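Engineer: Task: produce atomic coordinates for the following.
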Amino acid sequence: LTSQFFENNVNYFFTPLFRCNATQDISGRHQLSSSWKISRNGRRIVEALAGGRWKDVENRKIEDNVGMLAESQTGVRTMMFHPFNPLLISSDNNDGIYVWNLEEYRAINVFRATKCGTNAASVKFSPRSHSGEYPKGSLARILANPDKEPRPIITSMTLINPHNYSLLLTANNAGCVHILRDYVTPGRMKIVSGFRVVQSDYLWRQWPCIVDWNQISGLLYVASQSNVVTVWDLFLERCARDLRLPADVNVSAMVSDKQNGDLIMLGTADGALYCHDVRVPDASVPLRSLKEHNSQIIGVNSQSSQDYQFITGAVEGNVKLWDLRQFNSSVHTVDATCRKSMTSLAIHDYSPIFACGTQSSKINVMNFNGNTMSSIAYHHSGWMHHSSWTGSRMQVRCLAFHPLKPWLAAGDTDSLISLYRSDQERKRTTN
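Structural biologist: Residues are numbered from 1 along each chain as shown. Prediction:
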């Protein structure tokens, strides 16, 4: 008499009765893929910083035009590079988000942040023709022709967990923050979380909503047209605390320190600069408040390679370097626009360089010593090197550096995005 009872029970009890979550299984596909991504991205950081790509970059030119991208007719509002994938993410003035493939120089996904998962994301993107018209039925045409009621404008974007499975965080001038996943694949975008930081309707569309995400601390700083800066703990999905500023203060730019995320620097519309420490019980009282700028601060950044250094830029055209260890005054001042109004500013996270756009449609790429590396001008066909051409020009609205490559992206009011790289990067590609 034979039986398979023992063999069947062996197979049954050999399999765990309580299966763990796929994200917790160390031998599962999700964890193996995550470990591989973290290892690959770590090698890319080492290669970029120690491999010579940024060596002596502050003395080289970044003006080799490698491509041009065309958004909708509403203009480019904000944009950023993905640090590890060949992606550029941009937004327009009609709640539209564009995900660009920098290897093929085309949009791989176009959608609205407030319409994720709807039919708007499934419409195929079609670029403009030479006459400036969009094909009928394309999403670009839908985004270029808003309804009678204006849609919210995305004024700030950032990436959460860019080293792993990244999430896209957007903030609009209605005071709403959305966190999206699967934003690269068409038709798969979903809102993971969302909240509103401005409860008063009269603030609608009057002032941009600014966010700053700190990956180490997991805190999100949000500011809009009010004297309150809210600190959100995204792990707990709740507001951790509020920083109340003087009643007449409007925050126009802010950044937290890259090391711990405990210090936050706030730039205001009247040119004042406030430094707060969120660890103290009364965080609303600034550690220091200075005012050396005479106009609105449009950019604040802290470099990952410098623990105590902050850089600020204002409309008046001055870029100032600050050291928190001697925060009584700025360390160095650079006249970046030759006494002309500054419209946009981008500061690199690792290399001592920055780029600024002016009302005269010029882009100046300079190092912290004040030396001009490149000077670029714009005309109706796109970006060009500065010359004697004197035709009509468009205003530079936003600039963005690639975190690990000597690349620069420039967006204007005519919905064009131009990409630049250094001359050494061109030699690398040629060889």
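Engineer: Only C-alpha atoms from now on, for both contacts and neighbour counts.
Structural biologist: Will do.
Engineer: contacting residues for residue 284?
Structural biologist: Applying Cα atoms under 8 Å, 6 or more residues apart in numbering to residue 284 gives the contacts 242-245, 276.
Engineer: Do you know the pLDDT at it?
Structural biologist: Residue 284 carries a pLDDT value of 81.
Engineer: Assign it to helix, strand or coil.
Structural biologist: coil (DSSP: H, G, I helix; E, B strand; the rest coil).
Engineer: per-residue pLDDT, residue 205?
Structural biologist: 53.
Engineer: where's residue 240 relative to residue 219, distance?
Structural biologist: According to Cα to Cα, to the nearest Å, residue 240 and residue 219 sit 9 Å apart.
Engineer: where do the contact lists of the two overlap?
Structural biologist: Joint contacts of residue 240 and residue 219 (Cα under 8 Å, 6+ apart) are 231-233.
Engineer: I'd like those laid out as TSV, including pLDDT and secondary structure.
Structural biologist: Shown next, in TSV, are these (pLDDT from 0 to 100; DSSP: H, G, I helix; E, B strand; the rest coil):
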residue	pLDDT	secondary structure
231	90	strand
232	90	strand
233	89	strand
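Engineer: Between these, which sits nearest residue 29?
Structural biologist: residue 233 (28.8 Å; Cα to Cα).
Engineer: Export the strand or helix carrying residue 100 to PDB, keeping only CA atoms.
Structural biologist: Counting by DSSP states H and E, the element that carries residue 100 is strand 96-101. Provided in PDB are the C-alpha atoms of strand 96-101 (Å, rounded to 0.1, in the frame of the first residue of the first chain):
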ATOM      1  CA  GLY A  96       0.400  70.400 -18.200                       C
ATOM      2  CA  ILE A  97       3.400  68.200 -17.300                       C
ATOM      3  CA  TYR A  98       5.800  67.000 -20.000                       C
ATOM      4  CA  VAL A  99       8.200  64.100 -19.500                       C
ATOM      5  CA  TRP A 100      11.000  64.300 -22.200                       C
ATOM      6  CA  ASN A 101      13.400  61.500 -23.200                       C
END
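Engineer: contacts for that strand?
Structural biologist: 71, 86-91, 106-113, 143, 154, 183-184.
Engineer: Filter the residues you listed down to just the buried residues.
Structural biologist: The neighbour-count criterion (16 or more other Cα atoms under 10 Å) marks 71, 87-91, 106-113, 143, 154, 183-184 among the contacts of strand 96-101 as buried.
Engineer: List the strands paired with whatever helix or strand comes next after the strand holding residue 100, with their directions.
Structural biologist: As assigned by DSSP H and E, the chain's next helix or strand after strand 96-101 is strand 106-112. Looking at strand 106-112 with DSSP bridges, its partner strands are strand 96-101 (antiparallel).
Engineer: centre of the chain versus the strand it pairs with, how much separation?
Structural biologist: Relative to the centre of its chain, strand 96-101 is centred 13 Å away, using Cα atoms, centre = their mean, to the nearest Å.
Engineer: quick one: low-confidence parts of the stretch 151-300 of the chain?
Structural biologist: Scanning the stretch 151-300 of the chain for pLDDT under 70 picks out 198-206.
Engineer: May I ask which of the contacts of residue 284 has the most neighbours?
Structural biologist: residue 276 (21 neighbours; other Cα atoms under 10 Å).
Engineer: pretty sure that one is touching residue 267, no?
Structural biologist: No. Counting by Cα atoms under 8 Å, residue 276 stays clear of residue 267, with 11.5 Å between them.
Engineer: Can you give me the end-to-end span of stretch 321-329?
Structural biologist: Stretch 321-329: ends 9 Å apart by Cα to Cα.
Engineer: Need the contact partners of that stretch.
Structural biologist: Outside stretch 321-329, the residues touching it (Cα under 8 Å, 6+ apart) are 288, 290, 292, 308-312, 330-333.
Engineer: rerun at 10 Å
Structural biologist: Residues from elsewhere that reach stretch 321-329 (Cα atoms under 10 Å, 6 or more residues apart in numbering): 275, 287-292, 301-302, 306-313, 320, 330-334, 368.
Engineer: Keep only those of the residues you listed that are in strands.
Structural biologist: Residues of those located in strands (DSSP state E): 275, 288-290, 301-302, 309-313, 320, 332-334.
Engineer: mind listing the helices in this structure by residue range?
Structural biologist: Ranges of helices in the chain, per DSSP state H, are 5-14, 29-50, 139-144, 423-430.
Engineer: from the chain's centre, how far out does the second one sit?
Structural biologist: Read that as helix 29-50. Distance, centroid of helix 29-50 to centroid of chain: 21 Å (Cα atoms, centre = their mean).
Engineer: I'd like to know which elements that helix is packed against.
Structural biologist: Applying 3 or more Cα pairs under 10 Å, 6 or more residues apart in numbering; DSSP states H and E, one finds that helix 29-50 makes contact with no other helix or strand.
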